[in-house]
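Undergrad: coordinates only, no sequence provided:
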């Protein structure tokens, strides 16, 4: 069954305290070489039937109204084949 | 600059109250045709220099120890070309 994925990330100009907390924790755990971390959300939607362009348009509407806050967040929508997540 | 993405999702057998809340809200907003929603986290890491297999191994270590809870969450690591996020 195809799965539609919506990735929601804080806009580049918006402060991201969660990402900063992760970035600060990395060297304390012995990890180096990472210069920035941003933390966002990932939604996996199982849709009934085929994923047509019309379905993707509806998912973009969902992303706009429910899954993201368009003032401070960007979102991307893409299709993924399910049941391959390790 | 390449960006390493870590996607963290609740394991299939783990209850996901956030996803369930989204799923319940969709019909109230007039959206139909979605049978399940899972909500997870997305981390975007800017790494210094080239993304070698060794760097990806270190990112997997980070995912294992800091970014995810391996008891209840799965993670995937992949590389993405930055500055193309809409």
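TA: Received the coordinates, thanks. As the structure is a computational prediction, the values presented were derived from the model and not from experiment. Numbers count the residues shown, from 1 in each chain, chains lettered A, B, ... in the order given.
Undergrad: which strands and helices sit next to the strand or helix carrying residue A:54?
TA: Here residue A:54 sits within helix A:53-62, counting by DSSP states H and E. Helix A:53-62 is packed against strand A:2-10, strand A:34-47, strand A:73-81, with contacts defined by 3 or more C-beta pairs under 8 Å, 6 or more residues apart in numbering or on different chains; DSSP states H and E. Any C-beta I mention is one placed from the backbone N, CA and C, and that applies to glycine too.
Undergrad: nearest to residue B:54, out of those strands?
TA: Nearest of the helices and strands packed on helix A:53-62 to residue B:54, taken as C-beta to C-beta: strand A:34-47 at 13.8 Å.
Undergrad: what pLDDT, on average, does the longest helix along chain A get?
TA: Secondary structure of chain A per DSSP state H: the longest helix is helix A:17-28. Averaged over helix A:17-28, pLDDT sits at 97.
Undergrad: repeat that for stretch A:38-54.
TA: In this model, stretch A:38-54 carries a mean pLDDT of 95.
Undergrad: quick one on the thing from earlier: run the angle between the helix holding residue A:54 and strand A:2-10 for me.
TA: Helix A:53-62 runs at 30 degrees relative to strand A:2-10, counting by axes from the mean of the first three to the mean of the last three C-alpha atoms, to 10 degrees.
Undergrad: so which residues make contact with helix A:53-62?
TA: Here helix A:53-62 makes contact (C-beta atoms under 8 Å, 6 or more residues apart in numbering or on different chains) with A:4, A:6, A:45, A:47, A:49, A:75, A:77, A:79, B:26, B:29, B:31, B:33-34.
Undergrad: do that again at 10 Å, thanks
TA: Here helix A:53-62 makes contact (C-beta atoms under 10 Å, 6 or more residues apart in numbering or on different chains) with A:2, A:4-6, A:43, A:45, A:47-49, A:51-52, A:67-68, A:75-79, B:22, B:25-26, B:29-34, B:37.
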